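Quick one: sequence plus predicted model below, questions after.
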Amino acid sequence: QVQLVESGGGLVQVGGSLRLSCAASGRTFSTYAVGWFRQAPGKEREFVAAISWNSVYTYYADSVKGRFAISRDSDKYMAYLQMNSLKPEDTAVYYCAAGRIYVSSNYPKDTKYDYWGQGTQVTISS
């Protein structure tokens with residue numbers, strides 16, 4: 001069992017940066033891949049970024065590639081999403097999720113994740 005709690009969201013101007021954190025409980029966290037997803041009002045939840053259980057592989061949505069960076073520190077039961085050059089379209093509730101994922105094509109699929117946090121709001125003002 002893994003519990004996830006996101007933090008670090010807030011209001012920032014266009015072009016600014018935020019670092020989201022995902023704190024995990026559960027000694028098996030290091031065996032799970034971690035994904036970040038987001039959901040804007042009136043839109044479906046979408047994939048943002050993911051990192052493999054061993055940090056070897058990272059994956060990004062095209063919309064955030066080059067601006068966002070996902071990382072993890074399994075010893076500290078933490079995962080992070082560094083977000084730079086933020087745009088108004090990045091406004092959404094951001095969720096971290098954990099799942100036992102080993103196939104690259106599965107990382108962007110929210111149905112492959114077993115545990116989810118409650119989300120943190122990110123708002124970009126223009």
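Arrived safely. Bear in mind the structure is a predicted one, so any value in this text is a computation, not a measurement. Numbering: from 1, shown residues only.

switch to C-alpha atoms for all contacts and neighbour counts from now on
Fine.

Is A97 bridged to anything, and to what?
Partner residues in beta bridges with A97, using DSSP bridges, are G35, W116.

quick one, what contacts it?
Listed by Cα atoms under 8 Å, 6 or more residues apart in numbering, the contact set of A97 reads 4, 34-37, 113-117.

Equivalent analysis for A69, please.
Neighbours of A69 in contact, by Cα under 8 Å, 6+ apart: 49, 81-83.

and which of the contacts of A97 is nearest S125?
Distances from S125 to those, taken as Cα to Cα, are shortest for F37 (20.2 Å).

distance of the residue nearest the centre of the chain from T28?
When Cα atoms, centre = their mean is applied to the chain, the residue found nearest the centroid is W36 (2.0 Å). Here W36 is placed at a distance of 19 Å from T28 (Cα to Cα, to the nearest Å).

hang on, the earlier thing: tell me the pLDDT of the closest residue to the residue nearest to the centre of the chain other than its chain neighbours.
Closest residue in space to W36, ignoring its immediate chain neighbours: C96 at 4.5 Å, by Cα to Cα, 6 or more residues apart in numbering. On pLDDT, C96 comes in at 98.

can you check K87 too?
The predicted local confidence for K87 is 97.

what's the answer for R27, then?
So R27 comes in at 86 (pLDDT).

Check the secondary structure at it for me.
coil (DSSP: H, G, I helix; E, B strand; the rest coil).

do S105 as well
Criterion first, three-state DSSP; result for S105: helix.

residues touching it, list them.
The neighbourhood of S105, defined by Cα under 8 Å, 6+ apart, contains no residues.

and if you look at S55?
71-72.

now do R45
Contacts of R45 by Cα under 8 Å, 6+ apart are 37-39.

how close does it sit to P108?
11 Å.

just Q39 next, same as before
14 Å.

Please apply the same query to Y77.
With Cα to Cα as the criterion, Y77 and P108 are 22 Å apart.
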